[in-house]
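Asks: Coordinates for the following, if possible.
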Amino acid sequence: MEPLPRIIAVISAYNEEDIIGAAIEHLASQGVGVYLLDDGCTDATVQVARDFLGRGVVGIEELVSPDPPGTERRFHLSAILERKERLAAALDADWFINHDADEFRESPWPHLTLAGAIHLVDRLGWNAIDFDVLNFFPEGDYRAGANPTDSFRRCAPAPACDRVQVRCWKKQEQRVDLSSNAGHDVQFPGRRVFPIRFPLRHYPVRSEEQGRRKVFRERKSRFDAGERARGWHVQYDGLAEGGPLTASWGAAVEYDREAVDVNLQLENRLVEQLRSDHARTTGERDRLRGEVARVSEVLRTSEEQARTAEASVRRLDATVERVMAETADLSRRLDEVFASKSWRVTAPLRALWRLVGG
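Replies: Alright, predicted model coming up:
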């Protein structure tokens, strides 16, 4: 049997002590190792991760903050992503995942682990994987460190800003690009994204207290202004102190893993591309139909104008013929007058008349 590829999820964490252990355990059970980037945690996140060294965690690294010494440490996603790019080029692994501490990724096929599913994708000739995100609503009974599957039962699809999740890729000879798109859509030459998305369970808010601390004190107030100007970090826009934390998530539905897996097979990237192509082709067809109608109207109008012009030409020809006939008749009459005897006899009198000023 062909061995599974070595897969490393690179996780950057800031104060995720209540869920980091469950996330590491889940990845380890799925055949995926964890490399943790400590983004200045002030809680027990790193201590929890250290307990998994050698049994899921392959490395822990403290990120160096770009902020001046003595100033508040801010959340610099660009620096985090650049470090992940370098790690993906340097670490000994076959595949990498740009992972967050509150995410739980799985295979879309229940009989395969995440590692087994990635191995299948690799064998089929693809080198990147997209994920379908479900945000889970807090239920109020979550215990820190526990498997969230036991406590969170209702979810909603991710908003538009989180729909693209191409965050798993096969190791490349050159450095991949995560930084240009906030880490949502890894880029590299020759990228082939597998059509079927993999499921991703997301637990950003585990309790009222944790959610408010995370959103208003540990995230929104620490976001880098330059990154905000680039359109990043919009997931908490519209949230206000004292207001609901999940109001923008949409209607909650009961989580049904089997239904999720079936839907992922049916609503895959190829089907979406076909729909998009069909819509574009239909739009082009309608545009061409409109153009044909416009040209037909122009031709119809031109034909009417041509018929009108032709009638005018015929009337002009008739007028010209009449004038020519009248001119010929007048010429004939003048010739008769000039040739008459009376015209010759009265010629001296006409000359005298002109002389006396008549």
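
Asks: all strands for the chain, in order.
Replies: With DSSP state E, the ranges of strands along the chain come out as 7-13, 33-38, 57-62, 95-100, 103-105, 128-129, 131-136, 154-157, 168-170, 198-202, 253-254.

Asks: mind checking which of those strands is nearest residue 318?
Replies: strand 154-157 (78.2 Å; C-beta to C-beta). C-betas here are computed from N, CA, C, even on glycine.

Asks: and that closest one, what does it pack onto?
Replies: strand 131-136, strand 253-254 (3 or more C-beta pairs under 8 Å, 6 or more residues apart in numbering; DSSP states H and E).

Asks: Which residues are in contact with residue 50?
Replies: Residues counted as contacts of residue 50 (C-beta atoms under 8 Å, 6 or more residues apart in numbering) are 57, 60.

Asks: change the start of the numbering to 179 and stick with it
Replies: Noted, 179 is the first residue going forward, which turns the last one into residue 228.

Asks: And it, what's its pLDDT?
Replies: Confidence at residue 228, expressed as pLDDT, is 97.

Asks: what's the weakest-modelled helix or strand in this structure?
Replies: The helix or strand of the chain with the lowest confidence, counting by mean pLDDT, DSSP states H and E, is helix 519-523 at a mean of 62.

Asks: Is it possible to get JSON lines of the strands of the chain that adds mean pLDDT and mean neighbour count?
Replies: Output for the strands of the chain, formatted as JSON lines (pLDDT from 0 to 100; neighbours: other C-beta atoms under 10 Å):
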{"stretch": "strand 185-191", "mean pLDDT": "98", "mean neighbour count": "25"}
{"stretch": "strand 211-216", "mean pLDDT": "98", "mean neighbour count": "22"}
{"stretch": "strand 235-240", "mean pLDDT": "97", "mean neighbour count": "16"}
{"stretch": "strand 273-278", "mean pLDDT": "98", "mean neighbour count": "24"}
{"stretch": "strand 281-283", "mean pLDDT": "98", "mean neighbour count": "23"}
{"stretch": "strand 306-307", "mean pLDDT": "98", "mean neighbour count": "24"}
{"stretch": "strand 309-314", "mean pLDDT": "96", "mean neighbour count": "22"}
{"stretch": "strand 332-335", "mean pLDDT": "94", "mean neighbour count": "18"}
{"stretch": "strand 346-348", "mean pLDDT": "98", "mean neighbour count": "23"}
{"stretch": "strand 376-380", "mean pLDDT": "97", "mean neighbour count": "21"}
{"stretch": "strand 431-432", "mean pLDDT": "94", "mean neighbour count": "11"}
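
Asks: Out of those strands, flag the one nearest residue 395.
Replies: Within the strands of the chain, the stretch nearest residue 395 is strand 185-191; the backing value is 16.0 Å (C-beta to C-beta).

Asks: Roughly how far does the residue nearest the centre of the chain sit from residue 360?
Replies: Note on the chain: the residue nearest the mean C-alpha position is residue 342, at 7.5 Å, using C-alpha atoms, centre = their mean. Distance of residue 342 to residue 360, given as C-beta to C-beta, to the nearest Å: 10 Å.

Asks: show me where this structure has helices.
Replies: Taking DSSP state H as the test, the helices found in the chain are 198-207, 223-228, 255-268, 292-301, 386-390, 403-407, 435-444, 447-517, 519-523, 525-533.

Asks: Of those helices, which shows the lowest average pLDDT?
Replies: helix 519-523 has the lowest average pLDDT among the helices of the chain, namely a mean of 62.

Asks: re earlier: for residue 419, which of the helices of the chain is the nearest?
Replies: Of all the helices of the chain, helix 386-390 comes closest under C-beta to C-beta, at 7.8 Å.

Asks: Report the buried residues of the closest one.
Replies: Within helix 386-390, the residues that count as buried by 16 or more other C-beta atoms under 10 Å are 388-390.

Asks: I'd like to know which of the residues you listed is nearest to residue 410.
Replies: residue 389 (20.4 Å).

Asks: Apart from its chain neighbours, what residue comes closest to that closest one?
Replies: residue 383 (3.6 Å; C-beta to C-beta, 6 or more residues apart in numbering).

Asks: can you pull the contacts of residue 429?
Replies: Contact partners of residue 429, counting by C-beta under 8 Å, 6+ apart, are residue 334.

Asks: if I look at the residue nearest to the centre of the chain, how far off is residue 181?
Replies: Remark: distance between residue 342 and residue 181 (C-beta to C-beta) = 31 Å.

Asks: likewise residue 195?
Replies: Distance from residue 195 to residue 181, counting by C-beta to C-beta: 34 Å.

Asks: Which one's more surrounded, these two?
Replies: Comparing residue 195 with residue 181 by other C-beta atoms under 10 Å, the one with more neighbours is residue 195, at 20 against 7.
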